[in-house]
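# I need the structure of the sequence given here:
(2 chains)
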Amino acid sequence: MQRRHFLQAFGSTAALAALLGSGLLRPTQALAVEFNRAAFDARSASDALRLIGASAAEASKDILLKAPEIAENGASVPIEVISLIPGTTRLSVLVDKNPAPLALQFNFGPEAQARFSARLRLAETSRLRVVASVGNRHYTVFREVKITVGGCAE
Amino acid sequence: MSEPIKIRATVKGTEGEVRVLLPHPMEPGRRESSGPPQGAHYITAITLSLNGRAVIEAGLGTAISTNPLFAFLLNGVKAGDKLGVTWTDNKGQKGKGEATFSA
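Down below sits the predicted model:
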């Protein structure tokens, strides 16, 4: 595991020394395995799923995906995801029809609930896919979102 | 440095609700038939920390809207706790912000 240091976020060594001196700042360890950046460049959902190790994800009703059925503006589609699967450590979202389908991945530490809301960019009407990961086991749910911008709704 | 990160950190009972707005173009760029996107400029990583300890890490692609807005829930949060946010984009630019939880 690569360790990332919180420290590098601070520009000034003086500020750093002060913070270290006050004991407020300790190096922060990464929560989990690094993200696979190649997955974010994958051109198809199946490639992206393979690269995040979730090709064999099984369907689950314990992942809630709230998204509009029809969105007027694909540039900003609000979604909310809640995993009710105990021990969920990672949530990933894919937009199947986007040029690069993998939209985001979140790692959750013990203090964080496995849920979030976000706004996505959808190139066109597409299937949205959420993968919840519990260690190396993966669960998935999906939903279609229709995009009407440009008047080309089916 | 770009516009500051806007953070709202609210305590509700023992939960802490976090809303983060990151001013950023999140330009997805143009996809050629092969190779990386041309002209892309987007945030690739975000870390949220609670009192200096990482609690949520994000990896982002190009399918995130301009000026990304995220909301999260943390457990065991009390007023006065510190929430830190740092981000990095694909051009190596970085940003950070901090907020204090209040009821």
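# hey, let's count contacts and neighbours off CA atoms from now on
OK.
# check which helix or strand covers residue A:91.
strand A:90-95 (DSSP states H and E).
# outside of that strand itself, list whatever touches it.
For strand A:90-95, contacts defined as Cα atoms under 8 Å, 6 or more residues apart in numbering or on different chains pick out A:45, A:101-108, A:114, A:122, A:126-134, B:63.
# tell me how far that strand lies from the chain's centre.
For strand A:90-95, the separation from the chain centroid amounts to 4 Å (computed by Cα atoms, centre = their mean, to the nearest Å).
# would you mind identifying the next helix or strand past the helix or strand of chain A with the lowest mean pLDDT?
Every helix and strand of chain A was ranked by mean pLDDT, DSSP states H and E. The lowest is helix A:13-22, at a mean of 47. Using DSSP H and E, the helix or strand that follows helix A:13-22 towards the C-terminus is helix A:37-41.
# can you show me the strands along chain B?
Counting by DSSP state E, chain B has strands at residues B:6-12, B:15-21, B:43-50, B:53-60, B:69-74, B:82-89, B:94-100.
# give the other helices and strands that the fourth one contacts.
Translated: strand B:53-60. On a contact count with 3 or more Cα pairs under 8 Å, 6 or more residues apart in numbering or on different chains; DSSP states H and E, strand B:53-60 meets strand A:102-108, strand B:43-50.
# can you give me how far the first one is from the chain middle?
Here the centre of strand A:102-108 is set off from its chain's centre by 2 Å, with Cα atoms, centre = their mean.
# who touches that strand?
If you take Cα under 8 Å, 6+ apart as the criterion, strand A:102-108 is touched by A:31-32, A:35, A:39-42, A:45, A:48, A:88-95, A:114, A:120, B:55-64.
# give me that answer again for 7 Å
A:31, A:39-40, A:48, A:89-95, A:114, B:55-64 (Cα atoms under 7 Å, 6 or more residues apart in numbering or on different chains).
# what of the last one?
Contacts of strand B:43-50 from elsewhere in the structure, counted by Cα under 7 Å, 6+ apart, are B:26, B:54-61, B:82-90.
# show me which of those are buried.
B:26, B:54-61, B:82-89 (16 or more other Cα atoms under 10 Å in any protein chain shown).
# measure the residue nearest the centre of chain A to residue B:94 for me?
Geometric centre of chain A, nearest residue: residue A:105, 2.3 Å, by Cα atoms, centre = their mean. Residue A:105 is 19 Å from residue B:94, where distance means Cα to Cα, to the nearest Å.
# same check, this time on residue B:69
Distance, residue B:69 to residue B:94, using Cα to Cα: 17 Å.
# what pLDDT, on average, does stretch A:66-74 get?
Averaging pLDDT along stretch A:66-74 yields 94.
# how far does that stretch stretch from start to finish?
Across its full length, stretch A:66-74 reaches 16 Å end to end, with Cα to Cα as the criterion.
# buried ones in it, by neighbour count?
Residues A:67, A:71, A:73, A:74 are the ones in stretch A:66-74 that count as buried (16+ other Cα under 10 Å).
# wait, which of those is closest to chain B?
Ranked by distance to chain B (Cα to the nearest Cα), those are led by residue A:74 at 9.0 Å.
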